[in-house]
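> below: sequence and its predicted model.
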Amino acid sequence: MFAGIVILCHVEDEMEIQDRRVKRTQNLLAKALIALTLEKGYEAVTIRDITERADIGYATFFRHYHDKDALLLDVLDVVLGELMALLRPTASGADPASDGTLIFRYVGEHSEVCRVLLSSRGSAELVRRTQETGTRGVLEDNRPRPGSAVPMEIAAYHLVASSIALIAWWLDHDMPYTPERMGTIYSELIVRPTRAVAFAPQQDR
């Protein structure tokens with residue numbers, strides 16, 4: 001019995017070590033892709049470039065991803081997951097300027113990654129996935145305003161798409177305003193007008 005427990009613990013330890021190795025390899029590949037894309041553009045980057053920059057064997061790449069697009073989408077999923085985890089606890093009834101500050105602070109801290117995602121072939125997939133996740137969250141946290149001429153699903157789509165466009169502008173212009181200022185702009189330009197037109201007042205939700 002005790003021998004079985006020892007073996008089980010050993011197997012679990014081995015799995016944990018293997019999992020850490022996989023994550024480390026994927027992290028090195030992701031960092032290499034981001035750095036190379038910023039240097040010479042996504043289309044010019046080859047898998048050989050990525051593995052050499054990451055100091056990882058060429059064949060090892062294909063044990064994790066079938067091509068560089070799959071690696072890029074993995075990076076995208078991490079960014080989306082972190083953003084949604086950041087915003088979800090404050091989604092219901094939160095001050096939109098505070099939410100906006102959180103968004104732009106995150107983007108500022110991860111500006112290189114976000115630039116790559118918005119400037120590469122992955123940008124269309126970024127928009128699609130963000131639209132799906134963001135729209136679903138908006139619809140879950142709000143009710144339609146009675147008598148509104150704007151359907152909820154369109155308002156939610158507009159809110160998320162406009163937010164992405166504002167982030168892209170900020171990055172394209174080398175982040176000329178602070179995250180706090182951008183949070184206010186996000187609130188006043190996008191969230192408050194959309195809420196006023198399409199969403200029920202907070203006390204009615």
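Done, it's in.
> do I have it right that V45 meets L33?
Yes. Assessed by Cβ atoms under 8 Å, V45 is found in contact with L33 at 6.7 Å. Placement of C-beta: from N, CA and C, glycine included.
> the two: which is more packed in?
Legend: neighbour count by other Cβ atoms under 10 Å for V45 and L33, higher for L33 (26 against 21).
> pLDDT at that one, what is it?
On pLDDT, L33 comes in at 90.
> now swap in A94 and tell me
So A94 comes in at 69 (pLDDT).
> overlap in contacts, V45 and L33.
Shared contacts of V45 and L33 (Cβ atoms under 8 Å, 6 or more residues apart in numbering): K68.
> domain parsing for this protein?
2-66, 69-204 (automatic domain parsing).
> can you tell me which of the ones you listed the model trusts least?
domain 2-66 (a mean of 80).
> quick check, distance from that one to the centre of its chain.
How far domain 2-66 lies from its chain's middle: 20 Å, per Cα atoms, centre = their mean, to the nearest Å.
> and the spatially most central residue of the chain, how far is that from V197?
By Cα atoms, centre = their mean, the chain has its centre lying nearest to L80, at 2.4 Å. Note on L80: its distance to V197, by Cβ to Cβ, to the nearest Å, is 27 Å.
> next: A165.
Distance, A165 to V197, by Cβ to Cβ: 18 Å.
> D67 too?
43 Å.
> before we move on, what about G100?
From G100 to V197 the distance is 18 Å (Cβ to Cβ).
> looking at the two, which has the bigger crowd around it?
G100 (26 against 13).
> so who does the more buried one touch?
M182, G183, T184, I185, Y186, S187, V191.
> now render those as a markdown table, adding secondary structure, distance to E39 and neighbour count.
Converted to a markdown table, the contacts of G100 look like this (DSSP: H, G, I helix; E, B strand; the rest coil; distance: Cβ to Cβ, whole Å; neighbours: other Cβ atoms under 10 Å):
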| residue | secondary structure | distance to E39 | neighbour count |
| --- | --- | --- | --- |
| M182 | helix | 27 | 25 |
| G183 | helix | 31 | 23 |
| T184 | helix | 34 | 17 |
| I185 | helix | 31 | 17 |
| Y186 | helix | 31 | 25 |
| S187 | helix | 36 | 19 |
| V191 | helix | 36 | 22 |
